[in-house]
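J.: Fold the following.
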Amino acid sequence: MANALVSIQILPTTPGGESVIPYVDRAIDIIKSAGVPYRVAPLETTMEGELTHLLDVVRQMNEAMTEMGCASVISQIKIYYNPENGASMGRLLEKYPDGQ
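T.: Presented below is the predicted three-dimensional model:
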């Protein structure tokens, strides 16, 4: 059972002021390859899993931005941690499964 939800908004300082879209796409690819449930939203992406694993995914995302040539990265993160009862996007979204 997952014990955490981690939402992240990644804001890379792109080389030459390039669009952030390819960088955000790369960050989402890292989430996909992590094999955790996730949900992309307009301003952030939420992942579900074990806290230590999700924090490692965040680390990988930040490192990927600098490997792509970004001088710096801001990552705004929200963490919901519930080791006793578990954490579930589905449970928190029961009333609003389609976001409305």
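J.: just checking, what packs against the helix or strand where Val57 lies?
T.: Assigned by DSSP states H and E, Val57 belongs to helix 51-67. If contacts are counted by 3 or more Cβ pairs under 8 Å, 6 or more residues apart in numbering; DSSP states H and E, helix 51-67 sits against strand 4-12, helix 21-34, strand 73-81. The C-beta positions use only the backbone N, C-alpha and C, and glycine is treated the same way.
J.: ranking the ones you listed by burial, who's on top?
T.: Burial of these is given as mean neighbour count (mean count of other Cβ atoms under 10 Å); strand 4-12 ranks first at a mean of 21.
J.: Run me through the strand neighbours of that strand, direction for each.
T.: strand 45-49 (antiparallel), strand 73-81 (antiparallel) (DSSP bridges).
J.: can you redo those strands as JSON lines with mean pLDDT and distance to Asp98?
T.: Below are the strands paired with strand 4-12 laid out as JSON lines (pLDDT from 0 to 100; distance: least, Cβ to Cβ, whole Å):
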{"stretch": "strand 45-49", "mean pLDDT": "98", "distance to Asp98": "15"}
{"stretch": "strand 73-81", "mean pLDDT": "98", "distance to Asp98": "21"}
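J.: Thanks a lot, catch you later.
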